[in-house]
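**Student:** make a model of this:
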Amino acid sequence: MKKEDLSYLYIILFHVTIGTLGYILPFTTKIYGYSIFIFGVYYIIKKQNRNNEALIAAAYVVGSEVFLRMTGGNPLYEISKYGVMAFLLLGMYFSGFSKGATPYWIFLLLLVPSVVLSTFVLDFDTNIRTTVAFNISGPVCLGVASLYTFRRKIALEQMNNILLSMGLPIISCMVYLTFYTPNIRDVITNTQSNFETSGGYGPNQVATILGLGMFIFFSRIILESRTKFLAATNLIIALNITYRGMLTFSRGGMVTGFIMIVLLLFFLYLKSNFRGRVKLNYIIVLVVLAMMVTWGYTSFQTGGLIDKRYANQDAQGRVKESKFTGREEIAQDEINIFLKNPIFGVGVGKGVEARKAETGDGSLSHDEITRMLAEHGSLGIFGLLILFFTPLVLYLENKFNMFLLCFIVFWFLTINHAAMRTAAPAFVYSLSLLNIQLGGTPKRKISN
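**Tutor:** Numbers count the residues shown, from 1 in each chain. Below you'll find the model as predicted:
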């Protein structure tokens, strides 16, 4: 076995061990959680961000967030978003940021009026600091991360290392879920999102990170498997993550991951020569067969309930009235709030209170777009337009960024079903702004 293969195997087994210990000895996840942030800071300072170590550290935080939340290993519930921002600000200290990132300075400024407004309009018994921080941390994390990544040159090899850093903790999550729910048939009795197969945590967030992990390791089969051993290892990991993701019975994250894989394959197929397309044909056939086998096995294990779930049916095979488990009603309420408060919105965090006062439903929004409209008004629209169009302009400049559309799709679809509850959509969005170089080593600094 080659040295490269052994190193990869050891790092995979290390994260398998982390997931195993997290189940057997729960206190170890606390040690793991604190270690990520301590060693992340040490790693960036020691390397002085010469090779974008800040992105490596931030990616690891993003990949570990859901695992640490479900096991109680996070020092603070929202610390992952703050960790991403802290690491990237530290990275900017050493290697600067692009002066051309004006759109994201504007985006951050557009968030300010509604934050100020919320201090006047939130209910008296509401904890203003925590409410505002909970709702605004995602957009701010996206803005800060984008300031770092905007047009920053990075080698394709570095990009794959960033994705691997994000994917490794997802392996730990997958292993933990395997131990947490060993007997699938005992806990799956209907077609609702399943907390038992999601480690006792929110299936929506678990499926989101597992869908991302599925994409990461399928992409490594294509781009980073120089030997048959690496290809087999990545395939086994990808299929296991896919299986555990489908068992959550939360569809959004898994559908998103699958669309990302299709976009990546489509992009590579268009850009490849004849010989490359022949090779890709084999990979596509392999992926399709592997996915079919995984789906068939999942269907067998769930007694066909997974088929009904994705067909929007209940356990008796009846089509459900709502395809989005009632989330469309919350989105419609937020649009109505926007129409009544079109300039500055109702203020950050006030959307839930306003909706509860009108409809009696105090559920948190799952759609970041309608939340932005309701709480930020027309400024939210301008902010969203910046987020939509800036990456597309960059794509016209550099059409060889094979990941750009994949990352934008992940961000857009995720914020439509899981808002910005985790750091993943914010960070992955920022990766779309990188200027990926197919060869050579990019210079360290951009501009100060």
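
**Student:** part of a helix, is Asn355?
**Tutor:** For residue 355 the amino acid is Arg, not Asn. Yes - counting by DSSP: H, G, I helix; E, B strand; the rest coil, Arg355 is part of a helix.

**Student:** residues near it, how many?
**Tutor:** Arg355 has 23 neighbours, counted by other CB atoms under 10 Å. Every residue, glycine included, has its C-beta placed from N, CA and C.

**Student:** any idea how far it lies from Phe338?
**Tutor:** 12 Å (CB to CB, to the nearest Å).

**Student:** same check, this time on Glu65
**Tutor:** Distance from Glu65 to Phe338, by CB to CB: 30 Å.

**Student:** the more surrounded of these two?
**Tutor:** Taking neighbours as other CB under 10 Å, Glu65 and Phe338 compare with Glu65 leading, 30 against 23.

**Student:** next, the buried residues of the longest helix along the chain.
**Tutor:** If you go by DSSP state H, the chain has its longest helix at helix 368-397. Across helix 368-397, burial judged by 16 or more other CB atoms under 10 Å covers 368-377, 379-381, 383-384, 386-387, 390-391, 394.

**Student:** so what touches the very next helix or strand once past it?
**Tutor:** For helix 368-397, the following helix or strand on the C-terminal side (DSSP states H and E) is helix 404-417. Applying CB atoms under 8 Å, 6 or more residues apart in numbering, the contact partners of helix 404-417 are 204, 208, 212, 215, 252-253, 255-257, 259-260, 263-264, 267, 324, 327, 366-369, 387, 391-392, 394-395, 398, 424-426, 428-429, 431-432.

**Student:** type out the ChimeraX command that picks the buried ones from those.
**Tutor:** Buried residues among these (16+ other CB under 10 Å), as a ChimeraX selection:
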select :204,208,212,215,252,253,256,257,259,260,263,264,267,324,327,366,367,368,369,387,391,394,424,425,426,428,429,431,432
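
**Student:** so the one helix or strand Phe215 maps to versus helix 404-417, what angle?
**Tutor:** Assigned by DSSP H and E, Phe215 belongs to helix 203-223. In terms of direction (axes from the mean of the first three to the mean of the last three CA atoms, to 10 degrees), helix 203-223 departs from helix 404-417 by 170 degrees.

**Student:** ok, and what's touching the lowest-mean-pLDDT helix or strand in the chain?
**Tutor:** None of the helices or strands of the chain scores lower by mean pLDDT, DSSP states H and E than helix 350-359, at a mean of 81. Residues outside helix 350-359 that contact it (CB under 8 Å, 6+ apart): 117-118, 121-123, 126, 330, 333-334, 337, 345-346, 361-365, 371, 374-375.

**Student:** now, of those, which are buried?
**Tutor:** Among the contacts of helix 350-359, the ones that count as buried by 16+ other CB under 10 Å are 117-118, 121-122, 126, 330, 333-334, 337, 345-346, 365, 371, 374-375.
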